[in-house]
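Undergrad: build me a model from this:
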Amino acid sequence: MLYLTGSILALFLFHPMANSSKKIKEIGEDALINRITKSLPLGKDVVAGAGDDCAVIKSNDPQLYVLLKIDCVIEGIHYMKSTPPSAVGYKALSRAISDIAAMGGTPKHAMISLSLRPECNVSYVTSLYHGLSKASSPYNISIVGGETASCGKSGTPSVTVSLTGDVRRDRCCFRSNGKSGHSLFVTGKLGKSLNGHHLRFTPRIEEAQWITRKFKPSAMMDLSDGIASDLPRLAESSNCGYSIDTNKIPRSRGASIQEALCDGEDYELLFAISSKNCKKLEVAWRKKFPNLTLTRIGKLSPEGTADPDLKGGWQHF
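TA: Below is the predicted model:
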């Protein structure tokens, strides 16, 4: 998912365009983000600002980039009031880790901001942090601080995660470098995430690092809003179109093609790679990850093409 920091939102609210009579729901998330980020100030150390899975910043180490990510989960949207708090914490951090994976990176340090009702039980917060710790443990992520605030008696609780990471410069993957003719692959299976997968998925850090080390995709992102939303984003970022066979979309048990395309919250990897490397990739993948499917679903094509014209996926507004 694209990130939108509080400072960016504040800039928008005081920008002349904020006087427009249009409602956010009328233009949608992508158009909103394009409008408010196209003229943001960027220093010389910024490699990539808004528009990818993470911001990418130069570091003092000439071999590394710093990755920055912020993400939130909101009660009633990303989880239910009845969802166990440990699962909420696990999901909140794992979503951000998945975006670090999409850049080929390694997660490093996290800060957690909680917006809570005053009557929230202390045990709820303790359990939520157990979930955060469970998500952080496999990757040795340090949780170094954060913020707590009241959302009021009738407000909506949320958990916001800020996460840093790093990635070797020669292995950093962007959405924007895909080439027409490059083949499109998806890891794992898609659809039916609300059956529980969206609360217990495994971010594809290991798989992404292996891919970038061995084959270096030309473009990559994680699938959070559904391939029907995310594939057009990747293609547009790369100034390409796409052509896929929807019958080849890897589906979770019981999922229809439409659900696999549109349900979202799969947190698998979508990436493009030179067609000359496809066979070698598929053979090597089966040896390295025998329990995780890798499916070639189509290819990037010349700009302006969309076969099929995908509609749906998660829309925030």
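
Undergrad: next one: I74 from E147, what distance?
TA: As defined by C-beta to C-beta, to the nearest Å, I74 lies at a distance of 16 Å from E147. Glycine gets a C-beta too; all of them are placed from N, C-alpha and C.

Undergrad: brain fart, H197
TA: 29 Å.

Undergrad: ok, the two, which is more surrounded?
TA: Neighbour totals were compared for H197 and E147, and H197 leads with 20 against 11 (other C-beta atoms under 10 Å).

Undergrad: list the contacts for the more buried one?
TA: Neighbouring residues of H197 by C-beta atoms under 8 Å, 6 or more residues apart in numbering: 252, 265-266.

Undergrad: so what are the domain limits for the protein?
TA: By the assignment in automatic domain parsing, the chain contains the domains 1-41, 44-171, 183-307.

Undergrad: pick out the shakiest of those domains, pLDDT-wise.
TA: Note on these: lowest mean pLDDT is at domain 1-41, with a mean of 59.

Undergrad: can you pull out the strands in the stretch 101-250 of the chain?
TA: All strands of the stretch 101-250 of the chain, identified by DSSP state E, counting those that start in this stretch, fall at 106-116, 142-150, 158-168, 183-187, 219-222, 241-244.

Undergrad: let's have those in JSON lines, adding distance to V122.
TA: Shown next, in JSON lines, are these (distance: least, C-beta to C-beta, whole Å):
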{"stretch": "strand 106-116", "distance to V122": "10"}
{"stretch": "strand 142-150", "distance to V122": "12"}
{"stretch": "strand 158-168", "distance to V122": "16"}
{"stretch": "strand 183-187", "distance to V122": "39"}
{"stretch": "strand 219-222", "distance to V122": "33"}
{"stretch": "strand 241-244", "distance to V122": "49"}
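
Undergrad: point out the most buried one among the ones you listed.
TA: Of these, the one with the most neighbours on average (mean count of other C-beta atoms under 10 Å) is strand 219-222, at a mean of 26.

Undergrad: that one packs against which elements?
TA: In this structure, strand 219-222 packs against helix 85-102, helix 205-214, helix 227-237, strand 269-273, with contacts taken as 3 or more C-beta pairs under 8 Å, 6 or more residues apart in numbering; DSSP states H and E.

Undergrad: what about 6 Å?
TA: Applying 3 or more C-beta pairs under 6 Å, 6 or more residues apart in numbering; DSSP states H and E, one finds that strand 219-222 contacts helix 85-102, strand 269-273.

Undergrad: now mean neighbour count and distance to D230 too, for these, in JSON lines please.
TA: Output for these, formatted as JSON lines (neighbours: other C-beta atoms under 10 Å; distance: least, C-beta to C-beta, whole Å):
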{"stretch": "helix 85-102", "mean neighbour count": "25", "distance to D230": "10"}
{"stretch": "strand 269-273", "mean neighbour count": "26", "distance to D230": "6"}
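
Undergrad: now render those as a markdown table, adding distance to C240.
TA: Shown next, in a markdown table, are those (distance: least, C-beta to C-beta, whole Å):
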| stretch | distance to C240 |
| --- | --- |
| helix 85-102 | 18 |
| strand 269-273 | 8 |
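
Undergrad: S158: which of those is closest?
TA: helix 85-102 (8.9 Å; C-beta to C-beta).

Undergrad: so what does that closest one touch, helix or strand wise?
TA: strand 64-74, helix 122-136, strand 158-168, strand 219-222.

Undergrad: just to revisit the earlier point, N177: which of the domains of the chain is closest?
TA: For the domains of the chain, the distance to N177 is smallest for domain 183-307, at 4.9 Å, taking C-beta to C-beta.

Undergrad: just the endpoints, please. Distance across the closest one?
TA: End-to-end distance for domain 183-307, by C-alpha to C-alpha, to the nearest Å: 14 Å.

Undergrad: please apply the same query to stretch 53-65.
TA: End-to-end distance of stretch 53-65: 14 Å, with C-alpha to C-alpha as the criterion.

Undergrad: now find how far off-centre that stretch is within its chain.
TA: Distance, stretch centre to chain centre, for stretch 53-65: 18 Å (C-alpha atoms, centre = their mean, to the nearest Å).
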